[in-house]
Structures are given as structure tokens and as C-alpha cells.
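sequence unavailable; structure follows:
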DNA sequence: CCAAAAGTGTTAGACGTACACCCATGG
DNA sequence: CCATGGGTGTACGTCTAACACTTTTGG
């Protein structure tokens, strides 16, 4: 009745048709400045599949859940192994478990992550990893197109009521740069004056003595106030930190 | 190395120490009117465990994910089997996968549900099912106390920006009853006048010609406008409906 | 008639939006 | 000196909280 005795040895990646396996994938968002234009686009790294289900197609970075690691740890590990990245922000997105989403039964716990521009290094030299514009993706393996859509929806939603935009910026940044993050995600221009007041009044930014020069009038550099949490995770906050730190 | 050949036969509920199994649990919320007082409290049904891990303790209704059913279907099925309930609102909450949350490795996909007062019938006659005040729970099995806390946080959050409160009311209701739902969940009183204007202006309610009599001045009964979705589920909306309908 | 809840009106403050305006620097 | 983005001030409409007020029933 079961074939697990021979199939589920060592690597959990081996196929076992009568067992539900748990995978972990991550949608990693970052921003890329459009050359010439003064706006950015949302980009994400994908991995080209080298094995049978959907071989050759692009897919989200991920892998199998190890029996001795938490879901958070599995997300960090698998995205590091496949892309070499270590995002500053990582949060669970959704569990996908339609029966027909893969030839064998796979439940995917999907995470989403934000990457600061200085963290993007490391995925450059890797084979089979490429960055795509989130707005114009090719056909992806499995149900990964829908997953990315959902992650984008969550990103746009959450940027409105939390401070996750900081997860896409380096330590020091100007208000114009922060505003550009919001504009890229929301897809509309924001009033610079009102944006300044809004974000300054929230107490989440610390002004520095340094300025960004190069263009016209120098712009003050701000720093992220780490006393305030990046996003309200609710009662799971300690739980999540425990797993990922 | 593996013992699965003997362990993972037939019922997925049998223990298999070297396989990660997937369970599905649901936090079911409903409201119970406090006798005498004019406010309600959030209550939820729990199931007494009759097997080894945490035998005798109360736990969330749930069960093992079948290999041929989606996560949504598993949530509906398992909560029906254990409590006899069929909630009007069901949404995925979070996937819990700490290594030590159970003696054997179990990843739980947890859902949360809302139950209208007329749907509560059915769990009454069942053995080993009891309703508890959400604010004062006993020690539960596994990590279910944390899970309920998180579900309550989500409920309080979501009631602010969506219309899920209707998932806790019968078809026809007065504005006072709807307001009482919000007050119970948010834990504070709301101004009747402002509440009326807010909810009337949102276009989510349809006034009927019927009135609720009995107390002082009769109150108009309203009906939920089904043209508007209960909650914004994003790109997953169709996905979720497909699974649970 | 009176208490109490249903329902209406009005006001003051908070907040978001639009936009006019000064400031400072590179060219 | 001028174009451009940094930064400030201000006025207007919307939304919300607070509360006075009228209406309609049960007792």
C-alpha cells in the first residue's frame, strides 16, 4: 500500500506519491531604479527549474522542509541555498495546498521577503537565478504566478498601514528615496510636502547630520528608528523573532 | 534509518516519527449574549483530546489533511467531523510549524471561522465538545493557546477594515445588534448615532420593512447586502471560494 | 406620564489633499 | 541667475468623536 520505505530516504526531495510533502518557498521583493526615469520598479529573483516537474520554467526559490527545522528557518535556509540572499524582512504569506498544484501532493508554505539594495549582492554570480520585473512575469512553474500576485497584493496593502517600506532601503536614505519606494509599490505619485509631514510626524525616522549631495539642494539623510517594530505582527511577534534570529 | 514502512499505514493519524505530517485546525468564533447584561462575549468550541499527546486537555477542532483534498476542504471537513458545525465564514489564518510543538513533527495549517447564532445548533449534543469564553481559556493542548490569541488579534484587526462582523449575525438584525458585535470584539462602546451613519453610508446594508419589537421603540431590521464581498481576500478570492463551496 | 432605546442634527477637532511659497545648490 | 528639487506654510474638504435633541414604544 505504501512505498515510503524505499522512497522517503535521505533527501526529502525524492518522490513519494502517497505522502503529502511540505515545501517552503519565498517571494523576494526588491526595487530596481529605472535608468533615466526617476521611479523604480518592483523586481524579484526566480530560479530556473532543473528537474522534472516544469523543468526549464522559472520558479520561486524554495525547497523541502527539513524534519528538524521550523518553517521560518526553512524559508531562510532554502532561499539562501538557491539564491544566496539573506533578506532583512521575512514573513509568512500563505499556505497553498490545492491537490493538483503539483504532480505529487505538495503543500507549500510560502513566505515573502524584502531586500535592501545593499543586500542584493550575492545572487549576481549564481547560475539559474535571474531578476524579473514583477509586473511582467513569464509563465512560472506550478501555481507560482498566482502566488506572486497574492504577494504583490499583500505588499501593496501592508505598505499602507505599516513601515515595511524601510525593508527596501539602505540604512540611510533621503525622504525622496523613501517616497519613491512608496510610489513604486502603490503605483501613484505622492505629494512630497504631505509625505514629509506624515512620515516625520510618525516618529519612525531619526534625522542624521549627513546630507545627500550631487543633485541640487542637498537632502537630509534619515535613519530608521529601530525602537519601533517594522510591522505589527500581533501576538506572533516574539514567536517569529524566535524562529528567524 | 526510517520506520515508515510499518508506521505510516492506513490512517494518517498513526504516529510516524520521521515524517512531517500536515494537520488542519480551525478557531471557530461565535458570540454568546451575556444574560442580564446588554453585551456579548466571544466564545469558541473546543474538543477534548482522547488520545495520547495531551490526552484530556482541550484542543482546537481539526484533523489530518487527506492526500486528496485541498486545505480549505480539509478545514471544512475536520471541523464538521469534530464539532458538527458548518461556519458561514472560513479563512486561512497561519501555518504553525515549530519543531517542538508536538511530540512528532506536525505542521498545522490553521483556519479561523465565524459562526452565526443560528448555525450554533449541532454542536450541542456532541460529546467532548464544549464552548469556552475566548477571554478566559484553560491551558490547551499543543500551542493552541497562542494560536487562539493570534486568531483573536486577527479578528479584532479585520473587524476594523472589513465587514466580517456580519458573519456573526443572523440574516436579519437591528443596528443595535450589529453594533453589539463590534463592541464585543473591540472591547469598547461605540456611539450609536455615529455607528448608524457609518454603516448606513457604506452601502453594505439593505433596510427591510420589518421591525424588531419587544423592548421600547421598534428597531428596523436590516439585511446583509450580498452584492458586496464579506472581506477583501485579494487575488485569492476565487481560489478560496473554489475550495470551500 | 416616564424611562429607555431608536433615530436625527450639529458642532469641534483631526486628518488628508492640494497648492502656493521660500531655500539652497549645480550648472 | 536660473532651473530644480528640498523644505515650509496654509487653506479647504472629509471624516470622526461628542453630545444635544426628537421620536416611539413598554410599563
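Here it is on my side, so go on. Everything quoted here is computed from the prediction, not taken from an experiment.

now do the helices in chain A.
Taking DSSP state H as the test, the helices found in chain A are A:4-7, A:71-83, A:144-161, A:175-186, A:192-201, A:237-244.

could I get those as a markdown table with mean neighbour count, distance to residue B:227 and mean pLDDT?
Yep, even glycine has a C-beta here, placed from its N, CA and C like the rest. Output for those, formatted as a markdown table (neighbours: other CB atoms under 10 Å in any protein chain shown; distance: least, CB to CB, whole Å; pLDDT from 0 to 100):
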| stretch | mean neighbour count | distance to residue B:227 | mean pLDDT |
| --- | --- | --- | --- |
| helix A:4-7 | 16 | 49 | 40 |
| helix A:71-83 | 21 | 38 | 96 |
| helix A:144-161 | 18 | 22 | 93 |
| helix A:175-186 | 19 | 27 | 93 |
| helix A:192-201 | 12 | 34 | 93 |
| helix A:237-244 | 15 | 37 | 46 |
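
okay if I get the ones you listed as TSV plus distance to residue B:151?
Formatted as TSV, the helices of chain A follow (distance: least, CB to CB, whole Å):
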stretch	distance to residue B:151
helix A:4-7	34
helix A:71-83	18
helix A:144-161	19
helix A:175-186	28
helix A:192-201	32
helix A:237-244	13
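
figure out which of these is closest to residue B:153.
Nearest to residue B:153, of all the helices of chain A, is helix A:237-244, at 10.1 Å by CB to CB.

separation between residue A:111 and residue B:24?
20 Å (CB to CB, to the nearest Å).

no wait, residue A:106
Residue A:106 is 16 Å from residue B:24, by CB to CB.

neighbour count: these two, which is higher?
Ranked by neighbour count (other CB atoms under 10 Å in any protein chain shown), residue A:106 and residue B:24 place residue B:24 first, with 29 against 18.

any stretches of chain A with poor pLDDT?
A:1-17, A:35-38, A:122-125, A:228-234, A:236-245 (pLDDT under 70).

domains of it?
A:21-144, A:159-232 (automatic domain parsing).

near chain B at all, the longest one?
Think domain A:21-144. Yes - applying CB under 8 Å from any CB of the partner chain, one finds domain A:21-144 touching chain B at A:21-22, A:65, A:67-71, A:74, A:92, A:94-99, A:105, A:107, A:109.

next: the last one.
No - when contact is scored as CB under 8 Å from any CB, no part of domain A:159-232 falls within range of chain B; the minimum is 8.5 Å.

related to what we said a few turns ago, which of the residues of domain A:21-144 next to chain B are buried?
By neighbour count, with 16 or more other CB atoms under 10 Å in any protein chain shown, these hold A:21-22, A:65, A:69-71, A:74, A:92, A:94-99, A:105, A:107, A:109 as buried.

how are the strands of chain A distributed by residue range?
A:21-33, A:40-48, A:58-59, A:62-64, A:89-96, A:106-114, A:129-133, A:172-174, A:205-212, A:219-224 (DSSP state E).

export these to JSON lines and tack on distance to DNA strand C?
As requested, these are exported to JSON lines (distance: least, CB to the nearest atom of the strand, whole Å):
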{"stretch": "strand A:21-33", "distance to DNA strand C": "18"}
{"stretch": "strand A:40-48", "distance to DNA strand C": "20"}
{"stretch": "strand A:58-59", "distance to DNA strand C": "36"}
{"stretch": "strand A:62-64", "distance to DNA strand C": "37"}
{"stretch": "strand A:89-96", "distance to DNA strand C": "23"}
{"stretch": "strand A:106-114", "distance to DNA strand C": "23"}
{"stretch": "strand A:129-133", "distance to DNA strand C": "27"}
{"stretch": "strand A:172-174", "distance to DNA strand C": "13"}
{"stretch": "strand A:205-212", "distance to DNA strand C": "8"}
{"stretch": "strand A:219-224", "distance to DNA strand C": "10"}
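
of the ones you listed, which approaches residue A:163 most closely?
Using CB to CB, these put strand A:219-224 closest to residue A:163, at 8.1 Å.

which strands and helices sit next to the closest one?
Packing partners of strand A:219-224 (3 or more CB pairs under 8 Å, 6 or more residues apart in numbering or on different chains; DSSP states H and E): strand A:172-174, helix A:175-186, strand A:205-212.

what residues sit buried inside that strand?
For strand A:219-224, by 16+ other CB under 10 Å, it's A:219, A:221, A:222, A:224.

residues contacting it, please?
Outside strand A:219-224, the residues that touch it by CB atoms under 8 Å, 6 or more residues apart in numbering or on different chains are A:166, A:169, A:171-176, A:178, A:204-208, A:210-212.

now do 7 Å
The contact list for strand A:219-224 (CB atoms under 7 Å, 6 or more residues apart in numbering or on different chains) reads A:166, A:171-176, A:205-208, A:210-212.

cool, stretch A:166-177 as well?
A:30-31, A:88-89, A:114, A:116-118, A:178, A:181, A:196, A:199, A:208, A:210, A:212, A:219-224, A:230.

of these, list those near DNA strand D.
The subset of those lying close to DNA strand D, counting by CB under 7 Å from any atom of the strand, consists of A:196, A:219, A:220.

tell me which of the residues you listed is nearest to residue B:133?
Nearest to residue B:133 among those, counting by CB to CB, is residue A:196 at 47.0 Å.

distance check, the closest residue to that closest one other than its chain neighbours against DNA strand D.
Spatial nearest neighbour of residue A:196, chain neighbours left out: residue A:175 (5.5 Å); criterion: CB to CB, 6 or more residues apart in numbering or on different chains. Distance of residue A:175 to DNA strand D, given as CB to the nearest atom of the strand, to the nearest Å: 5 Å.

follow-up on the earlier one: could I get the helices and strands packed on strand A:219-224 as CSV with distance to residue A:135?
CSV is the format used below for the helices and strands packed on strand A:219-224 (distance: least, CB to CB, whole Å):
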stretch, distance to residue A:135
strand A:172-174, 23
helix A:175-186, 10
strand A:205-212, 28
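
and of these, who's closest to residue A:156?
Of all those, the one in closest proximity to residue A:156, counting by CB to CB, is helix A:175-186 (5.8 Å).

residue A:189: what's it in contact with?
residue A:183.

thought residue A:152 was touching residue A:134?
Yes - Residue A:152 lies in contact with residue A:134 (CB atoms under 7 Å); the separation is 6.1 Å.

partners of residue A:28 in the sheet?
Beta-bridge pairing for residue A:28 (DSSP bridges): residue A:113.

need the contact list for residue A:63.
Residue A:63 makes contact with A:23, A:24, A:78, A:81, A:82, according to CB under 7 Å, 6+ apart.

partner residues bridging the second one?
Going back to what we said before, that points to residue A:24. The partner residues for residue A:24, given DSSP bridges, come to residue A:63, residue A:109.

show me which of the residues of domain A:21-144 next to chain B neighbour DNA strand D.
Of these, not one also sits near DNA strand D (CB under 7 Å from any atom of the strand).

who does residue A:33 bridge with?
residue A:40.

separation between the residue nearest to residue A:148 when sequence neighbours are not counted and residue A:147?
Nearest residue to residue A:148 in three dimensions, chain neighbours excluded: residue A:27, at 5.7 Å (CB to CB, 6+ apart). Distance, residue A:27 to residue A:147, using CB to CB: 7 Å.

any common contacting residues for the two?
In contact with both residue A:27 and residue A:147: A:60, A:110, using CB under 7 Å, 6+ apart.

can I assume residue A:179 is in contact with residue A:195?
Yes - if you go by CB under 7 Å, residue A:179 and residue A:195 touch, sitting 4.9 Å apart.

interface residues of chain A facing DNA strand C?
Counting by CB under 7 Å from any atom of the strand, the residues of chain A near DNA strand C are A:191, A:193, A:194, A:197, A:198, A:213, A:214, A:215, A:216, A:217, A:218.
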